[in-house]
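*Asks:* Any chance you can model this:
(chains A and B)
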Amino acid sequence: MRIVEKSQLMSASEIDRTIQRLAHEIVEKSGGTKHLALIGVRRRGVPLAQRIAKAMRGIDGVEVPVGTLDITLYRDDLSKVASHAVLQSSDISFGVDNMDLVLVDDVLYTGRTIRAAMNGLFDLGRPKRVSLCVLIDRGHREMPIEAQYVGRSVQTSDTEIVEVRLREIDSEERVVLVDRVEP
Amino acid sequence: MLFRTVRDLAGNSISDDVTYRFRDLLALEPLSADELTFLLDQSKLFQEIQRHPLKKLATLRGKTVTLAFFENSTRTRISFSTAASRLGADTMNLQAEASSLKKGESLLDTVYTLNAMKPDCLVMRHAASGAADFVARNLDIPVINAGDGTHEHPSQGLLDALTIRDRRGSIDNLKVTILGDIQHSRVARSNIHLLGKFGGQFTLCGPAMWVPRELEKIGPPGCVIRRVSRIEDGLEDADVILVLRVQTERMYEPTLSAEEYILLYQLNAERLRLANPNALILHPGPMNRGVEISPDVADGPQSCVLEQVTNGIAVRMALLFLLMSGATEGGENVLADEASGAPNASPEKKESTHAD
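*Replies:* Numbering: from 1, shown residues only, chains lettered A, B, ... in the order given. Alright, predicted model coming up:
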């Protein structure tokens, strides 16, 4: 199976501008950032959440805490993806009770990751509100889940994969649409 | 032996981390330092869950763990049982007294019978060394050794190491003194096989018939093990003191009387001063207070016994998770084939509907 790049969806500067916009949208819609917190969903949601928090600091010095959430224990398909299910740590140092949480992830696809993430959050307490911010919404939902903050919506087919590459994890910075092709 | 590395959907390795490559956990002896570190790191992640308000996950929901304890145990059995429940799994319990072993059923038949009820994992303790390996060779499901004779008690070794690592920051180059009946101690052996791979040096101290010369050679290559018969000589410079229980149920001949043992080998405050000032005291439990350990030392600040118990749950949750989540599907029985295998070149890629 080969991976073939079909097109670039976002360049590095587009990613950056989108993050700035998302940060502004979240601050605007939240109506007060006192109980606001970002939760980055591992893996790539984490650097995105950190960047959004940093962008928020640029808006009137708003300080929003960032937590990380590993959803491995809450997945519904553990035995099928076991070869790449590596348990990593979750780290939410603030309590979630009564907080206005924004889950941050790179791509919203079937919605199962976010379903798992919500289970994880509710194991920790009772948030006041949970909303979702994603860089890319690629459709094909299998759960009744939607994002309140979307960087970009993209039409995709089932065989295609949207790969968000971020400099903190990958050695480059762009969003590409790839396809799996028989060699 | 298949060695799975972690790969993303495109088949690119996304992690240099070692993953656990066996279907079972039968012993610590065959594991490398990297694999042991991986197991400790995974266990650490499960410590966090013990602090959640809701300690129950649905990760292993619908899976069954069979606890086959052919030798008595309360703490280890409850620990595994709690670990399984917290991961959402169900447990099936076999207890030695109430079992058909009394009617003369062989170990293999007992295990086949249990297996016919289709559990997803077997946790077993047995009085015969090698029993867990024997059973693992005859079953298709993961087997966790919860203690086999005098051979090993792998989860205990792991939880001891985790406790030490949490308190000291590392498990490297430790000077470990083991006190008591080491000849019959699977806990001592598991600890030597683990800590010995991180530069640990061991002083084995106890009555001569419990510390035979052969024990000096049981560690990994390069591991220094010495024997002493006086506790005063054994404690000097120790970073970790592992106190073993005087196991009256294992003694077939009279050895020392309790009074003699206390006089010669009890770890008390005065003797503790001979060790390093922050030496850690570990005990696999249950303690005979006032026999192998004095009450004030057992309850003192250097004693780690309660942390060991808490860490036991975390370690066992990690083991059940790793072996039962499907992550080692296709792995080989660790002791069945010691021939080294080439790294698995093209692991089966499974579909995932999760974005990452």
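*Asks:* And stretch B:70-78, what's buried?
*Replies:* Neighbour counts over stretch B:70-78 (16 or more other Cβ atoms under 10 Å in any protein chain shown) mark B:70-71, B:73, B:76-77 as buried. (C-beta placed from N, C-alpha, C; glycine too.)
*Asks:* meant to ask about stretch B:55-66
*Replies:* Buried, per 16+ other Cβ under 10 Å, within stretch B:55-66: B:57-60, B:63-66.
*Asks:* okay, how far is it across that stretch, tip to tip?
*Replies:* End-to-end span of stretch B:55-66 (Cα to Cα, to the nearest Å): 21 Å.
*Asks:* same check, this time on stretch B:71-78
*Replies:* For stretch B:71-78, the end-to-end distance is 14 Å (Cα to Cα).
*Asks:* and stretch B:103-116, what's its mean pLDDT?
*Replies:* The average pLDDT within stretch B:103-116 is 81.
*Asks:* got it, and stretch B:230-248?
*Replies:* 91.
*Asks:* residues contacting the spatially most central residue of chain A?
*Replies:* Compute the mean C-alpha point of chain A, and by Cα atoms, centre = their mean the closest residue is residue A:105, 0.4 Å away. Residue A:105 sits next to A:40-41, A:44-45, A:48, A:113-114, A:117, A:132-135, B:355-356 when contact means Cβ atoms under 8 Å, 6 or more residues apart in numbering or on different chains.
*Asks:* Can you list the strands that the strand or helix carrying it pairs with?
*Replies:* Following DSSP states H and E, one finds residue A:105 within strand A:100-108. Strand A:100-108 has the following sheet partners, assigned by DSSP bridges: strand A:36-41 (parallel), strand A:129-137 (parallel).
*Asks:* Which residues does the helix or strand following that strand contact?
*Replies:* Using DSSP H and E, the helix or strand that directly follows strand A:100-108 along the chain is helix A:112-124. Helix A:112-124 is contacted from outside by A:39, A:41, A:69-71, A:73-77, A:90, A:92, A:95-96, A:101, A:103, A:105, A:108, A:127, A:130, A:132, A:142-143, A:145, B:52-54, B:57-58, B:353-356, using Cβ under 8 Å, 6+ apart.
*Asks:* which regions of chain B sit below the pLDDT cut-off?
*Replies:* B:1-19, B:96-102, B:248-255, B:326-356 (pLDDT under 70).
*Asks:* ok, longest helix in it?
*Replies:* Taking DSSP state H as the criterion, chain B has its longest helix at helix B:305-324.
*Asks:* Quick check: buried residues in that helix?
*Replies:* B:305, B:307-308, B:311-324.
*Asks:* in the stretch 101-250 of chain B, what residue is nearest chain A?
*Replies:* As assessed by Cβ to the nearest Cβ, chain A sits closest to residue B:120 within the stretch 101-250 of chain B, at 9.9 Å.
*Asks:* any idea how far the closest residue in space to that residue that isn't next to it in sequence lies from residue B:90?
*Replies:* Distances taken as Cβ to Cβ, 6 or more residues apart in numbering or on different chains place residue B:63 nearest to residue B:120, at 4.2 Å, with adjacent residues excluded. Going from residue B:63 to residue B:90 by Cβ to Cβ, to the nearest Å gives 7 Å.
*Asks:* just residue A:88 next, same as before
*Replies:* 27 Å.
*Asks:* With neighbour numbers in mind, choose between these two.
*Replies:* Set side by side, residue A:88 and residue B:90 show more neighbours around residue A:88, with 18 against 15, by other Cβ atoms under 10 Å in any protein chain shown.
*Asks:* Pick the one among the contacts of residue A:105 closest to residue A:9.
*Replies:* residue A:135 (9.6 Å; Cβ to Cβ).
*Asks:* Can you name the residues that contact the residue of the stretch 101-250 of chain B closest to chain A?
*Replies:* Neighbours of residue B:120 in contact, by Cβ under 8 Å, 6+ apart: B:60, B:63-65, B:89, B:141-142, B:324.
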